[in-house]
Every structure is written in structure tokens, then in C-alpha cells.
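Chemist: Here you go, sequence then predicted model.
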Amino acid sequence: MAENRQPSLDPERQLIINSLFSDGIEDPVSPTHSSGTETLITYCKVSEDTGGGGNSPTADRPFGIGKMNSRIDVKIRYLLVTILSKNGKVQKVQLHKAKKNPNDTFSIGRTWQLEQVRKVESVDNVTFVITISKPYCWSTDTQGEKNVFLNQLLKTFRKHTKKFPKLINFDTETLAEMKSPSTPTKPVIQNDTDSYNVVFSLQERLANANKSSSSLRSLNQKNGRSTPNLPSGAQGSDTNSIHHHTEDDELKEEELSLINVGELLNDFDWKGSGNAAALEERLLNELAALEAANIHAMVESDDRIHSVIEQIDNAIAELDNMDQWLSLYTAELNSMGDDIHHIESQNRGLQVQTANQKALLSELDRLIQSITLPEQVIQILFKESMDTIQGIQNIEHVAAQIKRVLETPFDESTRQMMAIKEKLETYHFHCKNFCSRFYEYMRMMFQFQAETLISDKSRGPRHNSLTIQDHESIVENLSKYRGLSLWMKEMDPKRHLEIQSLYVISKEPIYKKETKEYLSQMRYLLSKRELAEEATYVFSAALNQSGRTTLTYGYGNWLTSESTKPPWEFKDGGGGKLPPEEAFDQCLQTIIPLVANEQNFILDFFHLGKKNAEIKKEDRNIEDIRMQKKLIEHMEKLFSILPEELSSFADYGCKHDNIQVIGMIVSLEKYMHANEKIGQDYVVTMLQQVRLHCLGKFEVFINDQLKAIEETKVTSKKRKGIVVFMRIFPRFVERIEHSMAEAEKLEMRSIVNRAYERIVKTMFECVEAIAKDADSPVDDKEQLNAHIMTLENMHYFYSEIRSRRINILEPFMRYAKSSYDKHMEAYAKAMVRRPFGKLLEFFEGIESLLRTNTAPEEVGFRIQFNKAALKKVISQYPGKEIKKGLDSLYKRVEKHFKEEEGGRLLQVVWHAIEEEVIHNHERFTLTINRCYPDANITLEFSMDDLLNYFSEIAKSH
């Protein structure tokens, strides 16, 4: 709302000042007195139209925008006119657009310089458009707020720009009022904001009063009446509202207006009082009296007002009379409407009752017809034969009709009707009797089929065809009763469970007999292995023969065994013998399909699962948990002896060769995965039991191997050659991998890998323990034997396992290579010390001295390392002695590794010794050059001499 009331009593104005201009002194009368701050002149609360895109409502805006009670998409904003001054000088006049926040504070959204205003358009009583860079349409709550704001805006614009913007839809009287000055050129009161507000408010009120007086005088002049005398100040303001359009006239009007206002204020002695509040109160009282006089004059000056009031009173009396008649008519109509509504309700009730009775009779007739079956149809259940397909179909058709009748969805009240109740009880009685008949018939059928199968002599296993024949004949004879089985399951679940038990009891002896006979015949096909053959790849078997063989072997001792065919590749010999692991796999291949087919038949015949008929049997699975448990219970009764028999067969197969259990576990896991995918839950459960039994045997087997390795004892005199368990391990791995050919993705793979790790760790610990026992500084021979033994065993392990490419053993291969390199270096240094002993001791003494921070040139001043001592040591090792020592050294190395196969390890060891000798020659030469630079002393054998010596040795051997 615009500034049309006393500013000091306007709380909203005070909120704006506190939020936005609290840092400055508000002095709109004389903004030059502000100390570099922004001062609020006037403000107006407006509704901003956001639906018209900012266009002028008089030009191309949609119909209805800009009119009262038809604005849409509006936002409440506040337009603020302010003066920004600095050091007592006006810097700029600004127009702000602000919004009120929820916490009663204000924030400025847009700011324009006042001189940017190009056009002001008055649209209607409350709507106006200000064009700056583009048109902006705003609306106030009342016409007075709009007029006061635009008045002050244009006066401020004129004062500071000496001109007006383009004005549209403003009448000449309004323009004249706006052109009147808003503030005196010379302020009457300085540095008093309240006084300015009083003057400003008074000017506006006087302008409005003069405006009303002018309108009254024009009306009286038309009616020939005189105008009442107004205060001189008001008349002066009215006189000064004559429209002049020249710039000089406007300036004169402004001066005259200021003089009149000043005279009026002098009459109230406002300077002498010095009290702005009292002055304001006196001015407001005078203004109120002036306005009352104007209104009274307008009313009293027209004689027709009494006639108008009298006619209004008559019209009101007539309206009261009409209202009484309308009330009477309304009461009569309401009474008649209630009667009509009552009659219509009774009529509708009678119609509904009649329709309901007809529908009830029709429904009862339909119900009786739907649950009534002819007697001859019922007799089919008890007299029709169940031996023929046609008879079974007839019975199924009648049974389906009875089921449909009994499952008719009656509500409780209908079901309690005597006629319906009697019919349903009759059909329940017939169903019960037929279920008894079907139960007895299936009992005899199961018994007959089982006895026929057991008495068939042609079904037993034969040596030329070891298998278990399927039960297809029983499946064919019983499948035709599948529909009746489903009907009985739904109508009498208890009897249906009894029929299932009858079937299991009748077939369990058949499977027991056939399974035992088949596994007994398979035992005769198992190949037997001699202990000597098993000893080549099983630690415990080899070590049990320790009384006949030594525990360490040279490479040559195993040449025959390596070149022969692996002992686990059985020879048939014409007898049809099978390895136990292959025989076990064949047993599973025969028995598991039999078990799976039986599970599928029980599933289908007794409807123990919700399955689609189009789904293949091998893809079926049981969804209902309760039915699944019942199915597994039946299967456990049918094949109760199967897990025990298979475990016993596995024990028999491993009697002579425990390593066969690995292949058996692989076969079990393979069939478990295959049957798990097709929903054969019992097969998986049964195989898991056998697998746990076989895993126990495998664990015992591995523990036996570890025990045999740990119990290996090697005497100090025999610490050469390959330890027996190290020699057996590659064959052991090869044998196991033969059984693990198709087990990379099975769980057995990880079990075997862990067993490898345990065995290899134990072997390495035993070899290191043997070497550690010999690691004594007082016995060089024992140390040398330990190096030789470690070299041979680690070299053998690394070369043999690398050729088999077993990933799990890669870390152990790296460990073996590291141990091999370490002992190779130690062996080479120990062997070189024999022909170069004193020479090595002399130069090692010099190197020890140099490590004590002794300068190289000082070494020659030591008695034990002077030039004479150096010459003496060198003279003891002429080239002839060196060649003789190397020949002797080669013979000794050859003796250590004479049993090595093909000379591979001997050549590797001799090459390491050659490198060690060459390295020592380089050490000696470098030490002489450092410590005896001017002695002109050298070794009596050169590097070329050494290379020639080694070349001659290689050629001679």
C-alpha cells in the first residue's frame, strides 16, 4: 500500500526500513542531508502478473488480464522509490522491486534507475504498466493506493529529471495534480523526518480535498447552485489545478502551491510549537472537518435526495412482502415433495421385492438342477470295470461331475438349505464309497505288479550284460490310473496318502533285491593290484617294503619303473576286469537313472508337485515344500539300502588300492551336479551320504601318506641320492591327476590341492630336517652330504613337477628352485676350497682386514700379508698344480653324482664349480691390484689357463 498515511505510524514501512535501509537516516524532504545512505521515499504493495509475459494489457495481452477479479498467476511484491545520497549530495534515484519474506523481512529482487522509466500507463482503477526495458504490469489493492503511488513517483521523477515520462490514460486533472510540487525547494524543517512526513501527508490530503471540492463546484454549477466556501488553502490548491501545458506555467504553479502551503502552516504556528506530533494532530483535525464539510455540502445541496430515500424505503417494503410470499410457497412445495418421495419409494420397493422373488425362484431352480445327477450316472462309480481304458474314462467323467457338484461355491445360507444339504451329503457318501473301492483295487494292482516283477527270472543281471532293467511295465500298467489318483488326492487326501504308502511297500523289496544282486556281480569284475605295483606311486606302500629296499635311490634305480607303462593303466587280460573307480562309476551310471525315473513316476502318478504337462521329465522340479518332503520320504523308503550298499562297494574297491577313492569321489560329485540341475533332490542327498563316507577314506589315506613320509629315516652314510618319498611324489601326483581328469570345476579339485600342499610341506620339512642334522661345523663330510642330498632332491622335484604343469604346486616349485640354488652355491664353495684352500684363506684374510676400514695400501705393511707372504702363497699354486687339483676335483664331483641319470645334474654342478673358480680368480686379481699396486706380482695361472683346464677336463670326460 502506498504512502497515504502517517509514516511514523506505518508498521510495514518501518519493517522495510529496518530490513533494507536501517544504516541510513531517512530524510525524503532533503535527501542531500543523508550521510551516504539510501532513503525510502515511498512504497506500494502490488500484485505482479506473471501470466502475460510482461506485455501491456492494452495491446496484445490475452483477454481478461489486467481487469479486476480476473488476474491469474500473480505474485505479491513491493515497489520502493528511494534516493541514494553521498556527502549530502543526491547520487541517484532508484526504483526497487522487493518481496516480503516469511520472517517479516524484505529482500530486493530488481533495481532500476528512475530515469530509465520511459512510459507509465494507467490500465484501470487498480492496474498500471511501467515500461523500463520492457513493460511491467502491476496491480494494487485499491484505487487510492495506485493514485498516491503514481503521484509520488511522477513528482519525484519530475523533480530530479525536470521532465515526465510518456503518460497514457491519465486525465488532465490528474496530470495537473501530479505536476504540482511535492516538496518545497527550501525545506522548512531540516533533519526532521517526522515533520516532513506530516507535510507530505497534508499535501496529499489537501490535494484530494481540493479535488473533491472541484468536482462539487462543477456539479453545483450544472444545477445552478452555489458552492460553499472552503478554507483559503484548499481554494488556492483548487485554483492552482488549472491545466497549463507550458513549462513556465508549471513552474509558477509549483511556486504558488508552495506559498499557499507555507501560509497554511504559518497559521498553525508550526515553527513556534516545535512539536511535530501536535502539529500533525491539528492538521488532521482540520482536514477531517474539511472533508466532512465537503460531503455535507454535496448532500444538502440537492433537494432530490429526500425523494430518492423515500423511494428506496418503498422498494425495501415491497421486497419484504415478496420474501414472505416466497417463504410460504417454499413450505408448500417442500411438503408436496416429501409426499411424492414417499410414494415413489414405496413403488420402487414393491418392484424390487417382485423382482427379487422371481430371481430367487429362478436361482433355486438352477441350483437344484446343477447339483442333481441321474442315478444311472452314480452307478458307474461302483459297477464300471477299472481294467479297461474305456471303463476308467467313464469313471473319471462321473467323478469329475461329482467333484464339480461338491465344489460349487454356495454361500453359508444356501448351503444350510435342507434340499441342498441332503444332496451334498448323498454325494459325499458316494465319494467315500468310491475311494474305498479305488483303494482296494490299487492295493491288489500294486501287489500283483510287484510279484510279477520278482518272479521274472529273465530280469537278473548277467555276466555279459551287467545292468538293472527298468520297471517300464509297471509304469505302463499304472499310468492309466493317474487321473483317478489326482481326483482322490483332491477329494480324500488321507486315502491318497495310504495309496502312496501301499506303492512304496510293494516296490521296496524289488529294488532291494535287484540292487544287491547287481553290486554283487560288479564285485567280481574288480581288478586286483599287487602291492609291488602300488608301491611305485603310494608312499605308505613303498615305505612298508623298507625291509627289502633302501629308502634312497639313485636315478638309475628308477629307470625301469619310469620307462614302463603306468601301473594304474590296467590290462584287461581277456577277463573283462575293471579298475574299482571305473566300476564304481559304472554302478552310478546304472543305478542313478533308475532312481531318477522312479522319482519322476511317483511325482507324476501321485501328483506331488505343481507341474506343466509340457515340461520334460528331466527338467521337473518340486515347488511345494511339503510335497517335496513327502516325496523324499518315499524315496528313502524305496532305496533305504542304497547308500549303505554303495559305501560298502567303495570300501571293497579300495581294499587293495586306497587311491581309487579319489576317482569314486569325482564320479559322485559329477552325478550330484548333474542331478541337482534337474531337480533330483533325493539322488543328490543319497550321493552326498556316499561322498561323505568316501571323503573320510580319502582323509585317512592322506594321513597315512603323511605318516609314512614323517617316519622316513636316513643314516648319515646314506645321505645321497633321491629320498624315496621325493621319488614317489611325481608318480603319486600323476596317479591322482589321472583320476582327476574331469574334475577341474568340482569341489574335489580343491580338496586334492590341499592334500598336495600338506604332502609337499611335509616332504620339504623332512628333507630340511635331514640336512639340518648334518649341518655341523666339525664334520665337513656331513655338511657336504647334506648339500648333495638337497641338490639331488630339489632338482628332481623341480624338474619332474614342472613337466606336469600343476598350478597349485607352483609356489613349491619356486621354493625348491630357491633351495636348490642355495645349496648349489654352498656345495660349489666347499668343493673349490680343496684345491685352492691356502690361497682362499690368504685372500679371505685380506678381505676381512679391508672390512675393518683398513686402507688397501696399508695391507702390505702387515706381516702376515706383506709382499713376501703373497709371493709365498702364489708360488704354491702354479698352473700345473691347479690343473692337477681341478682333475681331482672333477673326479670327486663325479663320484658324488655318478648315479645321476644322463649326467644332467653332474654337468650342472660342474658348471657351477667352474663359475666359482673363475669368480675367485677375479677376486684374487682385483685384491692384488688394490693392495699391491706397485709390487708387480700376479697369479701363476691366468684366466685363459683356467678356461683351457676346464675345456680339457670336459673333453676328457
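Modeler: Nice, thanks for sending it over.

Chemist: After the longest helix seen in the chain, which helix or strand is next?
Modeler: Counting residues, the longest helix found in the chain (DSSP state H) is helix 305-370. Once the chain leaves helix 305-370, the next helix or strand it forms, by DSSP states H and E, is helix 375-383.

Chemist: which of the residues in the helix or strand following that following helix are buried?
Modeler: With elements assigned by DSSP H and E, the helix or strand that comes after helix 375-383 is helix 389-406. For helix 389-406, the neighbour count (16 or more other Cβ atoms under 10 Å) marks 392, 394-396, 398-399, 401-402, 405-406 as buried. Where you see a C-beta, it was placed from the backbone N, CA and C, and this is true even at glycine.

Chemist: same thing with stretch 686-699?
Modeler: 686-687, 690-691, 693-695, 697-698.

Chemist: returning to what we had before: now do the longest helix of the chain: distance to the chain's middle.
Modeler: 65 Å (Cα atoms, centre = their mean, to the nearest Å).

Chemist: ok and that helix relative to helix 389-406, angle-wise?
Modeler: 150 degrees (axes from the mean of the first three to the mean of the last three Cα atoms, to 10 degrees).

Chemist: now helix 305-370: mean pLDDT?
Modeler: Mean pLDDT, computed over helix 305-370, is 85.

Chemist: Cys654: what's it in contact with?
Modeler: Contacts of Cys654 were listed using Cβ atoms under 8 Å, 6 or more residues apart in numbering, and they are 580, 660-661, 664, 697.

Chemist: Let me have the buried residues of helix 389-406 in CSV, extended by distance to Arg282 and pLDDT.
Modeler: Below are the buried residues of helix 389-406 laid out as CSV (distance: Cβ to Cβ, whole Å; pLDDT from 0 to 100):
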residue, distance to Arg282, pLDDT
Ile392, 121, 89
Asn394, 121, 90
Ile395, 119, 89
Glu396, 115, 88
Val398, 116, 87
Ala399, 114, 86
Gln401, 111, 85
Ile402, 111, 84
Val405, 107, 79
Leu406, 106, 80
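
Chemist: Now list the buried members of the contacts of Cys654.
Modeler: 580, 660-661, 664, 697.

Chemist: Need phi/psi at the residue nearest in space to the middle of the chain.
Modeler: Residue closest to the average C-alpha location in the chain (Cα atoms, centre = their mean): Lys677, at 28.1 Å. Note on Lys677: its backbone torsions stand at phi -70, psi -30 [degrees, to the nearest 10].

Chemist: measure it to Leu668 for me?
Modeler: 16 Å (Cβ to Cβ, to the nearest Å).

Chemist: Provide a list of residue ranges in the stretch 451-600 of the chain with pLDDT below threshold.
Modeler: 457-465, 527-537, 539-576 (pLDDT under 70).

Chemist: Please enumerate the strands of it.
Modeler: Using DSSP state E, counting those that start in this stretch, the strands found in the stretch 451-600 of the chain span residues 552-553.

Chemist: Contacts for stretch 819-839 next, please.
Modeler: 764, 768, 771, 780, 783-784, 786-788, 790-791, 794-795, 798, 840, 873-874, 876-877, 882, 885-886, 888-889, 892-893, 908-909, 912-913, 915-917, 920, 924.

Chemist: could you dump that stretch to CSV, C-alpha only?
Modeler: Extracted as CSV, the C-alpha positions of stretch 819-839 are listed here (Å, rounded to 0.1, in the frame of the first residue of the first chain):
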residue,chain,number,x,y,z
SER,A,819,66.7,-74.2,-2.0
TYR,A,820,68.5,-75.8,-4.9
ASP,A,821,70.3,-72.6,-5.8
LYS,A,822,71.3,-72.0,-2.2
HIS,A,823,72.8,-75.5,-1.7
MET,A,824,74.4,-75.4,-5.2
GLU,A,825,76.3,-72.3,-4.2
ALA,A,826,77.3,-73.8,-0.8
TYR,A,827,78.4,-77.1,-2.4
ALA,A,828,80.5,-75.3,-5.1
LYS,A,829,82.3,-73.2,-2.5
ALA,A,830,83.0,-76.2,-0.3
MET,A,831,84.4,-78.2,-3.2
VAL,A,832,86.6,-75.3,-4.6
ARG,A,833,88.2,-74.9,-1.2
ARG,A,834,90.0,-78.3,-1.5
PRO,A,835,92.4,-77.3,-4.4
PHE,A,836,92.5,-73.6,-3.5
GLY,A,837,92.5,-73.8,0.3
LYS,A,838,95.5,-71.8,1.3
LEU,A,839,95.0,-69.3,-1.5
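
Chemist: average pLDDT for it?
Modeler: 86.

Chemist: How far does it sit from its chain's centre?
Modeler: On Cα atoms, centre = their mean, the centre of stretch 819-839 falls 63 Å from that of its chain.

Chemist: Please point out which parts of that stretch sit buried.
Modeler: In stretch 819-839, the ones that count as buried by 16+ other Cβ under 10 Å are 819-820, 823-824, 826-829, 831-833, 835-836, 839.

Chemist: Looks to me like Glu841 is in a strand.
Modeler: No: using DSSP: H, G, I helix; E, B strand; the rest coil, the assignment for Glu841 is helix, not a strand.

Chemist: can you tell me how far it sits from Glu847?
Modeler: Taking Cβ to Cβ, one finds Glu841 at 11 Å from Glu847.

Chemist: Can you lay out the buried ones among the contacts of Cys654 as CSV showing distance to Ser85 and secondary structure?
Modeler: Formatted as CSV, the buried ones among the contacts of Cys654 follow (distance: Cβ to Cβ, whole Å; DSSP: H, G, I helix; E, B strand; the rest coil):
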residue, distance to Ser85, secondary structure
Pro580, 113, helix
Gln660, 110, helix
Val661, 106, helix
Met664, 106, helix
Lys697, 106, helix
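
Chemist: for those, which one is nearest Asn314?
Modeler: Checking these against Asn314 with Cβ to Cβ, the nearest one is Met664 at 123.0 Å.

Chemist: where does the stretch 151-300 of the chain have low pLDDT?
Modeler: Along the stretch 151-300 of the chain, segments meeting pLDDT under 70 span 173-174, 176-274.

Chemist: burial count for Gln447?
Modeler: Gln447: 13 surrounding residues under other Cβ atoms under 10 Å.

Chemist: list the contacts for it?
Modeler: Ser506.

Chemist: Check what pLDDT it gets.
Modeler: Listed pLDDT for Gln447 reads 90.

Chemist: What residues of the helix or strand that contains His430 count as buried?
Modeler: Here His430 sits within helix 418-455, counting by DSSP H and E. For helix 418-455, a neighbour-count test (16+ other Cβ under 10 Å) marks 420, 423-424, 427, 430-431, 434-435, 438-439, 442-443, 445-446, 449-450, 453 as buried.

Chemist: Please enumerate the helices of the stretch 451-600 of the chain.
Modeler: 472-479, 482-491, 493-523, 531-534, 539-543, 559-563, 580-605 (DSSP state H, counting those that start in this stretch).
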